[in-house]
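A.B. asks: Below are the sequence and a predicted model for it; my questions follow.
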Amino acid sequence: MTDRYAVIGNPIAHSKSPLIHAEFALQTGQDISYTALLATRESFVSTVMDFIGQGGKGMNVTIPFKEQAWKYLATDILPRAASARAVNTLIFKEGKVIGDNTDGVGLLRDIEVNLGFPVADKRVLLMGAGGAARGVLPELLHRRPATLTIVNRNINRARELTDWFTEWRNLRVSDYPGLSGGEYDLLINATSSSMNDELPPLPTGIFGLRALAYDLVYGKGLTPFLQFAQEHGVAKLADGFGMLVEQAAESFLIWRGVRPDTRPVIAMLKGKE
Ligand code: NDP
(Lines give C-alpha, C1' and ligand atoms only; values in the text may rest on other atoms or scores of the structure.)
Protein backbone atom coordinates (compact mmCIF):
# COMPACT_ATOMS: atom_id res chain seq x y z
CA MET A 1 0.00 0.00 0.00
CA THR A 2 1.33 3.42 -0.98
CA ASP A 3 1.46 5.75 2.05
CA ARG A 4 -0.09 9.16 1.42
CA TYR A 5 1.40 12.55 2.32
CA ALA A 6 0.59 16.11 1.26
CA VAL A 7 1.46 19.77 1.69
CA ILE A 8 -1.32 22.21 2.54
CA GLY A 9 -1.17 25.97 1.98
CA ASN A 10 -2.57 28.95 0.10
CA PRO A 11 -1.35 29.58 -2.55
CA ILE A 12 0.01 26.09 -3.20
CA ALA A 13 0.09 25.53 -6.98
CA HIS A 14 3.78 26.51 -7.26
CA SER A 15 4.94 24.52 -4.22
CA LYS A 16 8.15 22.57 -4.85
CA SER A 17 7.41 20.11 -2.02
CA PRO A 18 5.74 17.42 -4.21
CA LEU A 19 8.79 17.43 -6.52
CA ILE A 20 11.23 17.32 -3.58
CA HIS A 21 9.46 14.43 -1.84
CA ALA A 22 9.11 12.51 -5.11
CA GLU A 23 12.89 12.77 -5.51
CA PHE A 24 13.44 11.65 -1.89
CA ALA A 25 11.11 8.65 -2.40
CA LEU A 26 12.87 7.63 -5.60
CA GLN A 27 16.28 7.95 -3.99
CA THR A 28 15.38 5.93 -0.85
CA GLY A 29 12.99 3.42 -2.47
CA GLN A 30 10.05 4.49 -0.27
CA ASP A 31 6.55 3.78 -1.56
CA ILE A 32 4.77 7.09 -0.96
CA SER A 33 2.59 9.59 -2.77
CA TYR A 34 2.80 13.34 -2.02
CA THR A 35 0.28 15.86 -3.29
CA ALA A 36 -0.47 19.57 -2.81
CA LEU A 37 -3.74 20.65 -1.17
CA LEU A 38 -5.24 24.13 -1.35
CA ALA A 39 -7.30 25.35 1.61
CA THR A 40 -8.78 28.55 2.96
CA ARG A 41 -8.59 29.66 6.61
CA GLU A 42 -12.13 28.34 7.01
CA SER A 43 -11.52 24.98 5.30
CA PHE A 44 -8.03 24.30 6.69
CA VAL A 45 -8.97 22.02 9.59
CA SER A 46 -11.66 20.11 7.65
CA THR A 47 -9.28 19.57 4.69
CA VAL A 48 -6.68 18.05 7.03
CA MET A 49 -9.33 15.90 8.74
CA ASP A 50 -10.59 14.65 5.36
CA PHE A 51 -7.04 13.70 4.42
CA ILE A 52 -6.62 11.78 7.68
CA GLY A 53 -9.97 10.07 6.99
CA GLN A 54 -8.63 8.94 3.61
CA GLY A 55 -5.67 7.25 5.32
CA GLY A 56 -3.12 10.10 5.10
CA LYS A 57 0.04 9.48 7.16
CA GLY A 58 1.46 12.99 7.39
CA MET A 59 1.40 16.51 6.05
CA ASN A 60 3.53 19.59 5.61
CA VAL A 61 1.90 22.89 6.48
CA THR A 62 2.98 26.06 4.72
CA ILE A 63 2.02 29.75 4.47
CA PRO A 64 -0.41 30.88 5.91
CA PHE A 65 -1.42 27.94 8.14
CA LYS A 66 1.61 27.19 10.33
CA GLU A 67 0.27 29.13 13.30
CA GLN A 68 -3.26 27.80 12.85
CA ALA A 69 -1.89 24.23 12.85
CA TRP A 70 -0.05 24.92 16.12
CA LYS A 71 -3.05 26.60 17.78
CA TYR A 72 -6.02 24.56 16.64
CA LEU A 73 -5.01 21.30 14.99
CA ALA A 74 -2.21 19.39 16.64
CA THR A 75 -3.26 17.28 19.62
CA ASP A 76 0.39 16.73 20.59
CA ILE A 77 3.03 19.46 20.06
CA LEU A 78 6.68 18.43 19.93
CA PRO A 79 9.26 20.76 21.56
CA ARG A 80 10.55 22.32 18.31
CA ALA A 81 7.02 23.36 17.32
CA ALA A 82 6.23 24.51 20.85
CA SER A 83 9.17 26.92 20.97
CA ALA A 84 8.51 28.18 17.42
CA ARG A 85 4.76 28.41 18.15
CA ALA A 86 4.23 27.14 14.61
CA VAL A 87 3.82 23.71 12.99
CA ASN A 88 5.13 22.79 9.53
CA THR A 89 5.04 18.99 9.88
CA LEU A 90 2.12 16.82 10.96
CA ILE A 91 2.27 13.14 11.81
CA PHE A 92 -0.99 11.18 11.93
CA LYS A 93 -0.53 8.24 14.24
CA GLU A 94 -2.80 6.15 16.48
CA GLY A 95 -5.59 8.75 16.35
CA LYS A 96 -3.23 11.58 17.28
CA VAL A 97 -2.26 14.65 15.25
CA ILE A 98 1.35 15.30 16.21
CA GLY A 99 2.85 18.71 15.32
CA ASP A 100 6.55 19.34 14.73
CA ASN A 101 8.57 22.15 13.14
CA THR A 102 11.52 21.42 10.84
CA ASP A 103 12.11 24.96 9.50
CA GLY A 104 14.74 25.89 12.08
CA VAL A 105 16.71 22.67 11.80
CA GLY A 106 16.43 22.90 7.98
CA LEU A 107 17.98 26.37 7.93
CA LEU A 108 20.71 25.41 10.38
CA ARG A 109 21.61 22.24 8.46
CA ASP A 110 21.95 24.31 5.31
CA ILE A 111 24.08 26.96 7.00
CA GLU A 112 26.26 24.66 9.11
CA VAL A 113 26.50 21.43 7.09
CA ASN A 114 26.01 22.46 3.45
CA LEU A 115 27.65 25.87 3.65
CA GLY A 116 30.17 24.94 6.37
CA PHE A 117 29.43 28.00 8.51
CA PRO A 118 29.19 27.23 12.28
CA VAL A 119 26.89 29.65 14.11
CA ALA A 120 28.40 29.32 17.61
CA ASP A 121 30.08 32.55 18.76
CA LYS A 122 29.01 34.45 15.64
CA ARG A 123 27.26 37.84 15.64
CA VAL A 124 23.92 37.05 14.01
CA LEU A 125 21.42 39.49 12.50
CA LEU A 126 17.93 38.10 11.91
CA MET A 127 15.87 40.40 9.71
CA GLY A 128 12.08 40.12 10.03
CA ALA A 129 9.66 39.13 12.77
CA GLY A 130 7.03 37.15 10.84
CA GLY A 131 6.34 33.42 10.73
CA ALA A 132 9.68 32.50 9.15
CA ALA A 133 11.73 34.42 11.73
CA ARG A 134 9.68 32.85 14.51
CA GLY A 135 10.30 29.36 13.10
CA VAL A 136 14.08 29.68 12.93
CA LEU A 137 14.77 31.76 16.05
CA PRO A 138 14.79 28.91 18.65
CA GLU A 139 17.19 26.76 16.61
CA LEU A 140 19.50 29.74 16.01
CA LEU A 141 19.62 30.48 19.76
CA HIS A 142 20.41 26.85 20.56
CA ARG A 143 23.59 27.16 18.45
CA ARG A 144 24.81 29.75 21.00
CA PRO A 145 25.76 32.71 18.80
CA ALA A 146 27.78 35.49 20.48
CA THR A 147 24.80 37.80 19.92
CA LEU A 148 21.53 37.53 18.05
CA THR A 149 19.88 40.78 16.96
CA ILE A 150 16.36 40.80 15.54
CA VAL A 151 15.58 43.79 13.35
CA ASN A 152 12.13 44.64 12.05
CA ARG A 153 10.39 47.71 10.60
CA ASN A 154 7.63 47.22 13.16
CA ILE A 155 9.83 46.95 16.22
CA ASN A 156 6.95 45.88 18.47
CA ARG A 157 6.63 42.63 16.48
CA ALA A 158 10.33 41.97 17.09
CA ARG A 159 9.89 42.68 20.82
CA GLU A 160 6.95 40.28 20.99
CA LEU A 161 9.17 37.57 19.46
CA THR A 162 11.81 37.99 22.14
CA ASP A 163 9.24 37.94 24.97
CA TRP A 164 9.28 34.13 24.66
CA PHE A 165 13.04 33.86 25.02
CA THR A 166 13.83 36.07 28.02
CA GLU A 167 16.40 33.57 29.35
CA TRP A 168 18.70 34.31 26.37
CA ARG A 169 20.78 37.30 27.51
CA ASN A 170 22.51 37.72 24.14
CA LEU A 171 19.20 38.31 22.30
CA ARG A 172 18.63 41.92 21.20
CA VAL A 173 16.08 43.92 19.26
CA SER A 174 16.72 46.87 16.97
CA ASP A 175 15.09 49.05 14.38
CA TYR A 176 16.95 49.50 11.08
CA PRO A 177 18.62 52.88 11.86
CA GLY A 178 19.78 51.38 15.19
CA LEU A 179 21.97 48.87 13.30
CA SER A 180 24.42 51.65 12.33
CA GLY A 181 27.85 51.12 13.79
CA GLY A 182 27.36 47.37 14.39
CA GLU A 183 28.91 44.48 12.42
CA TYR A 184 27.52 40.98 11.86
CA ASP A 185 29.03 37.67 10.72
CA LEU A 186 25.77 36.00 9.69
CA LEU A 187 22.94 38.10 8.21
CA ILE A 188 19.68 36.24 7.57
CA ASN A 189 16.93 37.91 5.58
CA ALA A 190 13.75 36.32 6.95
CA THR A 191 11.59 39.17 5.64
CA SER A 192 9.42 38.86 2.55
CA SER A 193 11.12 41.94 1.01
CA SER A 194 12.77 39.91 -1.78
CA MET A 195 9.35 38.69 -2.95
CA ASN A 196 8.65 42.30 -3.97
CA ASP A 197 12.18 43.08 -5.18
CA GLU A 198 12.65 45.38 -2.19
CA LEU A 199 15.68 45.91 0.03
CA PRO A 200 15.14 46.30 3.78
CA PRO A 201 16.46 49.73 4.89
CA LEU A 202 19.87 48.45 6.00
CA PRO A 203 22.67 50.89 6.83
CA THR A 204 26.10 50.33 5.29
CA GLY A 205 29.05 48.96 7.27
CA ILE A 206 27.14 46.08 8.88
CA PHE A 207 28.96 43.20 7.15
CA GLY A 208 31.80 41.65 9.14
CA LEU A 209 34.87 40.16 7.52
CA ARG A 210 34.02 36.76 5.90
CA ALA A 211 30.30 37.29 6.58
CA LEU A 212 27.58 35.02 5.19
CA ALA A 213 24.47 36.70 3.75
CA TYR A 214 21.49 34.31 3.61
CA ASP A 215 18.12 35.12 2.03
CA LEU A 216 15.29 32.73 2.94
CA VAL A 217 13.50 33.54 -0.31
CA TYR A 218 14.33 31.19 -3.20
CA GLY A 219 13.86 31.22 -6.95
CA LYS A 220 14.51 34.95 -7.24
CA GLY A 221 18.19 34.79 -8.26
CA LEU A 222 20.38 37.52 -6.79
CA THR A 223 17.82 39.27 -4.56
CA PRO A 224 18.21 42.99 -3.65
CA PHE A 225 19.54 41.90 -0.23
CA LEU A 226 22.12 39.49 -1.71
CA GLN A 227 23.11 42.13 -4.25
CA PHE A 228 23.53 44.73 -1.49
CA ALA A 229 25.72 42.27 0.45
CA GLN A 230 27.80 41.51 -2.66
CA GLU A 231 28.27 45.22 -3.38
CA HIS A 232 29.59 45.59 0.18
CA GLY A 233 32.23 42.91 -0.24
CA VAL A 234 30.41 39.78 0.97
CA ALA A 235 31.57 36.69 -0.91
CA LYS A 236 29.38 34.09 0.80
CA LEU A 237 25.82 34.41 -0.48
CA ALA A 238 22.98 31.89 -0.19
CA ASP A 239 19.30 31.74 -1.08
CA GLY A 240 16.56 29.66 0.56
CA PHE A 241 16.64 26.57 -1.70
CA GLY A 242 18.92 24.74 0.73
CA MET A 243 16.62 25.43 3.67
CA LEU A 244 13.58 24.38 1.64
CA VAL A 245 15.12 20.99 0.82
CA GLU A 246 16.61 20.46 4.30
CA GLN A 247 13.33 21.13 6.12
CA ALA A 248 11.66 18.68 3.71
CA ALA A 249 14.37 16.08 4.39
CA GLU A 250 13.80 16.41 8.13
CA SER A 251 10.05 15.84 7.63
CA PHE A 252 10.82 12.81 5.42
CA LEU A 253 13.10 11.44 8.14
CA ILE A 254 10.37 11.85 10.77
CA TRP A 255 7.79 10.08 8.58
CA ARG A 256 9.90 7.36 6.96
CA GLY A 257 12.85 6.86 9.33
CA VAL A 258 15.40 7.46 6.57
CA ARG A 259 17.32 10.65 5.79
CA PRO A 260 17.57 11.36 2.05
CA ASP A 261 20.67 12.85 0.43
CA THR A 262 19.74 16.52 -0.03
CA ARG A 263 22.64 17.65 -2.21
CA PRO A 264 21.40 16.31 -5.58
CA VAL A 265 17.93 17.69 -4.90
CA ILE A 266 19.25 21.18 -4.03
CA ALA A 267 21.39 21.07 -7.17
CA MET A 268 18.38 19.99 -9.26
CA LEU A 269 16.22 22.87 -7.96
CA LYS A 270 18.97 25.43 -8.47
CA GLY A 271 19.50 24.09 -11.99
CA LYS A 272 15.82 24.67 -12.82
CA GLU A 273 15.97 28.31 -11.63
P1 NDP B 1 5.38 37.22 7.06
O2 NDP B 1 4.39 37.87 6.15
O3 NDP B 1 4.91 36.50 8.28
O4 NDP B 1 6.42 38.36 7.57
C5 NDP B 1 6.98 39.27 6.68
C6 NDP B 1 8.14 40.00 7.36
O7 NDP B 1 8.85 40.71 6.35
C8 NDP B 1 7.75 41.00 8.42
O9 NDP B 1 8.70 40.98 9.46
C10 NDP B 1 7.80 42.34 7.67
O11 NDP B 1 8.09 43.44 8.49
C12 NDP B 1 8.98 42.08 6.76
N13 NDP B 1 9.04 42.88 5.54
C14 NDP B 1 8.28 42.78 4.43
N15 NDP B 1 8.70 43.65 3.48
C16 NDP B 1 9.77 44.30 3.99
C17 NDP B 1 10.65 45.32 3.50
N18 NDP B 1 10.52 45.83 2.26
N19 NDP B 1 11.64 45.75 4.31
C20 NDP B 1 11.82 45.24 5.56
N21 NDP B 1 10.99 44.29 6.08
C22 NDP B 1 9.99 43.82 5.31
O23 NDP B 1 6.25 36.26 6.12
P24 NDP B 1 7.05 34.95 6.58
O25 NDP B 1 7.85 35.30 7.78
O26 NDP B 1 6.13 33.79 6.68
O27 NDP B 1 8.02 34.67 5.33
C28 NDP B 1 9.10 35.52 4.99
C29 NDP B 1 9.77 34.96 3.76
O30 NDP B 1 10.51 33.78 4.09
C31 NDP B 1 8.78 34.58 2.66
O32 NDP B 1 9.00 35.43 1.56
C33 NDP B 1 9.09 33.12 2.31
O34 NDP B 1 9.28 32.95 0.92
C35 NDP B 1 10.41 32.84 3.03
N36 NDP B 1 10.43 31.49 3.58
C37 NDP B 1 11.33 30.58 3.07
C38 NDP B 1 11.38 29.29 3.57
C39 NDP B 1 12.36 28.32 2.99
O40 NDP B 1 12.23 27.10 3.23
N41 NDP B 1 13.36 28.76 2.26
C42 NDP B 1 10.52 28.84 4.67
C43 NDP B 1 9.64 29.88 5.16
C44 NDP B 1 9.59 31.14 4.61
P45 NDP B 1 6.94 44.28 9.29
O46 NDP B 1 6.50 43.40 10.43
O47 NDP B 1 7.63 45.48 9.76
O48 NDP B 1 5.85 44.53 8.29
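C.D. replies: Yep, that arrived. Numbering: from 1, shown residues only.
A.B. asks: next SSE after the host helix or strand of residue 108?
C.D. replies: Per DSSP states H and E, residue 108 falls inside helix 103-109. Downstream of helix 103-109, the next assigned helix or strand under DSSP H and E is strand 123-127.
A.B. asks: hmm, back to that, now find how far off-centre the helix holding residue 108 is within its chain.
C.D. replies: On the basis of Cα atoms, centre = their mean, to the nearest Å, helix 103-109 sits 7 Å off its chain's mean C-alpha point.
A.B. asks: same for it, what does it pack against?
C.D. replies: Judged by 3 or more Cβ pairs under 8 Å, 6 or more residues apart in numbering; DSSP states H and E, helix 103-109 is in contact with helix 79-84, helix 131-142, helix 241-256. (Each C-beta comes from the backbone N, C-alpha and C, glycine too.)
A.B. asks: contacting residues around that helix?
C.D. replies: Contact partners of helix 103-109, identified using Cβ atoms under 8 Å, 6 or more residues apart in numbering, comprise 80, 84, 86, 88, 119, 132, 135-140, 143, 188, 214, 216, 243-250, 262.
A.B. asks: Can you give me the buried ones in it?
C.D. replies: 103-109 (16 or more other Cβ atoms under 10 Å).
A.B. asks: Give me the average confidence score over that helix.
C.D. replies: Computed over helix 103-109, the mean pLDDT rounds to 98.
A.B. asks: residues from the chain in reach of the ligand?
C.D. replies: Within the chain, the positions adjacent to the ligand are 63, 103, 128-133, 152-154, 157, 190-193, 195, 198, 200, 216-218, 240, 243-244, 247 by Cβ under 6 Å from any ligand atom.
A.B. asks: which of those are buried?
C.D. replies: Buried members of these, counted by 16+ other Cβ under 10 Å: 103, 128-129, 131-133, 152, 157, 190-191, 193, 200, 216-218, 240, 243-244, 247.
A.B. asks: what's near enough to touch the closest residue to residue 115 other than its chain neighbours?
C.D. replies: Excluding the flanking residues, the one nearest residue 115 by Cβ to Cβ, 6 or more residues apart in numbering is residue 238, at 5.9 Å. Neighbour list for residue 238: 110-111, 115, 212-215 [criterion: Cβ under 8 Å, 6+ apart].
A.B. asks: Also residue 270?
C.D. replies: Contacts of residue 270 (Cβ under 8 Å, 6+ apart): residue 241.
A.B. asks: sec struct for it, please.
C.D. replies: Following DSSP: H, G, I helix; E, B strand; the rest coil, the label given to residue 270 is helix.
A.B. asks: Could you measure from it over to residue 133?
C.D. replies: Distance of residue 270 to residue 133, given as Cβ to Cβ, to the nearest Å: 24 Å.
A.B. asks: Repeat that for residue 104.
C.D. replies: Distance of residue 104 to residue 133, given as Cβ to Cβ: 10 Å.
A.B. asks: do the same with residue 60
C.D. replies: According to Cβ to Cβ, residue 60 and residue 133 sit 19 Å apart.
A.B. asks: burial of the nearest residue to residue 38 once chain neighbours are set aside, as a residue count?
C.D. replies: Among residues not flanking residue 38 along the chain, residue 12 sits closest, at 4.8 Å (Cβ to Cβ, 6+ apart). Using other Cβ atoms under 10 Å, residue 12 is surrounded by 18 other residues.
A.B. asks: residues contacting residue 12?
C.D. replies: Applying Cβ under 8 Å, 6+ apart, we find residue 12 in contact with 36-38, 62.
A.B. asks: just the buried members of those residues?
C.D. replies: Among the contacts of residue 12, those classed as buried by 16+ other Cβ under 10 Å are 36-37, 62.
A.B. asks: a markdown table for these, including secondary structure and pLDDT?
C.D. replies: Shown next, in a markdown table, are the buried ones among the contacts of residue 12 (DSSP: H, G, I helix; E, B strand; the rest coil; pLDDT from 0 to 100):
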| residue | secondary structure | pLDDT |
| --- | --- | --- |
| 36 | strand | 98 |
| 37 | strand | 98 |
| 62 | coil | 95 |
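A.B. asks: Relative to residue 174, which of those is nearest.
C.D. replies: Ranked by distance to residue 174 (Cβ to Cβ), the buried ones among the contacts of residue 12 are led by residue 62 at 28.8 Å.
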